[in-house]
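Engineer: Dropping the sequence and predicted coords here.
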Amino acid sequence: MRHTIAHRAAGSLAPRDDDHHLNHVIVALAGGTGGSKMVHGLALANGQADLTAIINTGDDGHFFGLLVCPDLDINLYALAGVVADRGWGYADDTFRCLEGLATYGREAWFGLGDRDLATHIHRTLMVADGATVSEVMDDLCRRLGVEARLHPMTDAPVRTIITTGTGEKRFQEYLVRDGAREEIDAIRIEGLDAASPAPGVLDAIAGASTVVIAPSSPIVSIGTILGVPGMRDAVAARREHVIAVSPIIGNAPVEGPAQKFLRGAGYPECSARQMAEIYTDVCSTFVIHETDADDMPAIEALGVRVVVTDILMPDHAARERLAHTVLGAMA
Ligand code: GDP
């Protein structure tokens, strides 16, 4: 609790339930960097009390024996108001431990800060004592003063494996260690078929007034979440209340290697229209950037309503503004 007060006193960004908040019961589906901007914007616009985020865990993995859940933690830190300006990791963190590990000849390419390591150590110890990842997230949220519910998509271990010309790699090896430079031959989500939605996830989707598909990777973030058995049907059943925001502007993602994942999954086109086509069974409304307004007829021809606005979220004001537009479109 002392922790929470310290963060808030230091000008925490954790939103409160002010009068100006809208009255949506929101479920967001999200990955990490792009997804957390939207989740944070929704919290700023509508408060945290009525916000549930269902987060991709296909990027998770073990580093130095510790269970690291990058997408869950980006969202956790964003909602707690402690995320670093670069968009991941803990604010003002140092990397002394990682530097020390490198000195000992350990591979130190995955940026685990000293404060961040406390999260992973705590999670790993809880899991060793029998807790699920859902239970760990509840605990982390409570201790960091996050009122929203952050659910892993599943408590089962699910791991995204990328095959390139040089072999199979874990997701973070492909993305971070190797810089996502190689073309992708295949994407395999290990453990997905045997996974089931985490407790509370299907009920949250069924009970939401609005479901927001954040501008995250359609293949390795949202695609993975929707691939958990039962999840795609649960979202499709709420299609009239589901709105998705494009992670693509023009013919490129706002940031990151989404084209490579799209090509690797068999989609040659990288465009907002292609995104809308991937989501047409699960969303009734799709949000595209102003400069893609010409794509509107082609997307509407898919049977999806189109909202045109500025979908870039470089700062907190832009996140909140986009969230207001998204929620306003579903009012
Ligand atoms: P990861 O799990 O860290 O790879 O992150 P996500 O899957 O959540 O997000 C990656 C996607 O976010 C990329 O395809 C980006 O194009 C998209 N993205 C990042 N920032 C923004 C933004 O400000 N606006 C929109 N619309 N998309 C963004």
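Structural biologist: That came through, no problem.

Engineer: Please list the residues of the stretch 51-200 of the chain that sit near the ligand.
Structural biologist: For the stretch 51-200 of the chain, the residues in contact with the ligand (C-beta under 6 Å from any ligand atom) are Asp59, Asp71. C-betas here are computed from N, CA, C, even on glycine.

Engineer: what about the strands in the stretch 51-200 of the chain?
Structural biologist: Per DSSP state E, counting those that start in this stretch, the stretch 51-200 of the chain carries strands over the ranges 51-55, 61-63, 66-68, 149-152, 159-164, 167-170, 186-190.

Engineer: So which of these is the most surrounded?
Structural biologist: Mean neighbour count (mean count of other C-beta atoms under 10 Å) peaks for strand 51-55 among these, with a mean of 28.

Engineer: per-residue confidence averaged over that strand?
Structural biologist: For strand 51-55, mean pLDDT is 98.

Engineer: could I get it in CSV with only the CA atoms?
Structural biologist: The C-alpha trace of strand 51-55 is given here as CSV (Å, rounded to 0.1, in the frame of the first residue of the first chain):
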residue,chain,number,x,y,z
LEU,A,51,-12.1,-1.9,-17.3
THR,A,52,-11.0,-5.4,-17.9
ALA,A,53,-8.1,-6.1,-20.2
ILE,A,54,-7.4,-9.6,-21.7
ILE,A,55,-3.8,-9.8,-22.6
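
Engineer: Name every strand pairing with it and say which way it goes.
Structural biologist: strand 26-30 (parallel), strand 149-152 (parallel) (DSSP bridges).

Engineer: With mean pLDDT added, can I get those in TSV?
Structural biologist: Formatted as TSV, these follow (pLDDT from 0 to 100):
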stretch	mean pLDDT
strand 26-30	98
strand 149-152	98
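
Engineer: Quick check: Gly61 touching Phe171?
Structural biologist: Yes. Using C-beta atoms under 8 Å, Gly61 makes contact with Phe171 at a distance of 7.2 Å.

Engineer: Report the set of residues contacting both of those two.
Structural biologist: Residues touching both Gly61 and Phe171 by C-beta atoms under 8 Å, 6 or more residues apart in numbering: Arg159.

Engineer: what's the closest residue to the ligand within the chain in contact with, if anything?
Structural biologist: The ligand sits closest to Gly34 of the chain, with a gap of 2.0 Å, by C-beta to the nearest ligand atom. Residues near Gly34 by C-beta under 8 Å, 6+ apart: Ala214, Pro215, Ser216, Ser217, Ser221, Pro247, Val254, Glu255, Gly256.

Engineer: Please tabulate the residues you listed in CSV, including the columns neighbour count.
Structural biologist: Formatted as CSV, those follow (neighbours: other C-beta atoms under 10 Å):
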residue, neighbour count
Ala214, 26
Pro215, 31
Ser216, 32
Ser217, 25
Ser221, 30
Pro247, 27
Val254, 19
Glu255, 10
Gly256, 18
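
Engineer: These also near the ligand: which ones?
Structural biologist: Contacts with the ligand within the contacts of Gly34, counted by C-beta under 6 Å from any ligand atom: Pro215, Ser216, Ser217, Ser221, Pro247, Val254, Glu255, Gly256.

Engineer: want to throw those into TSV with secondary structure and pLDDT?
Structural biologist: Supplementary listing: these in TSV, determined by DSSP: H, G, I helix; E, B strand; the rest coil; pLDDT from 0 to 100:
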residue	secondary structure	pLDDT
Pro215	coil	98
Ser216	coil	97
Ser217	coil	95
Ser221	coil	97
Pro247	coil	97
Val254	coil	94
Glu255	coil	93
Gly256	coil	91
